[in-house]
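1. heads up, no residue letters with this:
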Ligand SMILES: O=C(CO)[C@H](O)[C@H](O)COP(=O)(O)O
């Protein structure tokens, strides 16, 4: 059974103190550090790229879970690999065919990184055929429109989580957007075991307690998946 994996979204951190923020989250129990990479084209925002990952990597051995919200992820795979990324998650919406997605997954794996595939809230689960999911290490179901932190959690995408959990009992299923103490149970009940959270973790008085509650919710619900 997949175990809980808690990933603070560094988008909500103080970018001017990124190394210290990464250490703080790791010391508080983060499993992965979630790095939101946005190109101003696939999404209407610009954040960070491989140079920032490279700088951060000098200060941490944490698993750097890089979510590429970009139009041409394949172009950036070598740079993220050299920078020290641990995994790359790309969007299925940028792949014209399943074969293109499979080739991208192979490219990421050939660079020694884990690979995930993501779906936006409006993209149907059928966009993720078995032959694609068989090859990935994780699937990311967005529970907000990608682009900005601090948005309201969307319930609709949880149907995709339910269907994916039935199809792939052992797959790591990540959810991202609006995850907080009042939404975690719905995500965990649906079958998510990898939780990305920015606002609710960085804005908390006690981020460690929030991450522990997420973990506890997944443990509680996973016995019924
Ligand atoms: O991918 C993202 C935005 O595209 C962020 O990771 C996500 O929104 C997390 O932030 P929050 O927990 O504040 O919703």
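-> Great, that's in hand. Just so you know, these numbers come straight off a predicted model, no measurement behind them.

2. residue ranges of the strands in this structure, please?
-> Under the criterion DSSP state E, the chain contains strands at 5-8, 32-38, 63-69, 87-91, 114-119, 138-142, 172-176, 194-197.

3. Just name whatever secondary elements the second one is in contact with.
-> Translated: strand 32-38. strand 5-8, helix 18-27, helix 50-57, strand 63-69 (3 or more Cβ pairs under 8 Å, 6 or more residues apart in numbering; DSSP states H and E). The C-beta positions use only the backbone N, C-alpha and C, and glycine is treated the same way.

4. Show residues contacting the longest one.
-> Same thing as helix 18-27. Residues outside helix 18-27 that contact it (Cβ atoms under 8 Å, 6 or more residues apart in numbering): 8, 10, 13-14, 33, 52, 55-56, 58-60, 62, 201, 207.

5. again, only this time at 10 Å
-> Helix 18-27 is contacted from outside by 6-10, 12-15, 17, 30-35, 48, 52, 55-64, 201-202, 207-208, 211, using Cβ atoms under 10 Å, 6 or more residues apart in numbering.

6. Please check these and keep the buried ones.
-> Among the contacts of helix 18-27, those buried by neighbour count (16 or more other Cβ atoms under 10 Å) are 6-10, 12-13, 30-35, 48, 52, 56-57, 60, 62-64, 201-202, 207, 211.

7. Please list which of these are also close to the ligand.
-> When contact is defined as Cβ under 6 Å from any ligand atom, those meet the ligand at 9, 12, 34.

8. ok, now which ones touch residue 98?
-> Neighbouring residues of residue 98 by Cβ under 10 Å, 6+ apart: 92, 127, 128, 129, 130, 131, 132.

9. Could you report the separation of residue 64 from the ligand?
-> Distance from residue 64 to the ligand, counting by Cβ to the nearest ligand atom, to the nearest Å: 14 Å.

10. Now do the longest helix seen in the chain, average pLDDT.
-> Criterion DSSP state H: the longest helix present in the chain is helix 207-222. Helix 207-222 carries an average pLDDT of 98.

11. Mind listing what's buried along it?
-> Using 16+ other Cβ under 10 Å as the test for burial, helix 207-222 gives 207, 210, 211, 213, 214, 215, 217, 218, 221, 222.

12. Check which helices and strands it is in contact with.
-> strand 5-8, helix 18-27, helix 184-190, strand 194-197, helix 199-202 (3 or more Cβ pairs under 10 Å, 6 or more residues apart in numbering; DSSP states H and E).

13. Quick check: the farthest pair among the contacts of residue 98?
-> In these, the most distant members under the criterion Cβ to Cβ are 92 and 130, with 13.3 Å between them.

14. Between these two, tell me which one has more neighbours.
-> Neighbour count, other Cβ atoms under 10 Å: between residue 92 and residue 130, residue 92 has more, with 20 against 10.

15. Distance-wise, check the more buried one relative to the ligand.
-> Distance of residue 92 to the ligand, given as Cβ to the nearest ligand atom: 15 Å.
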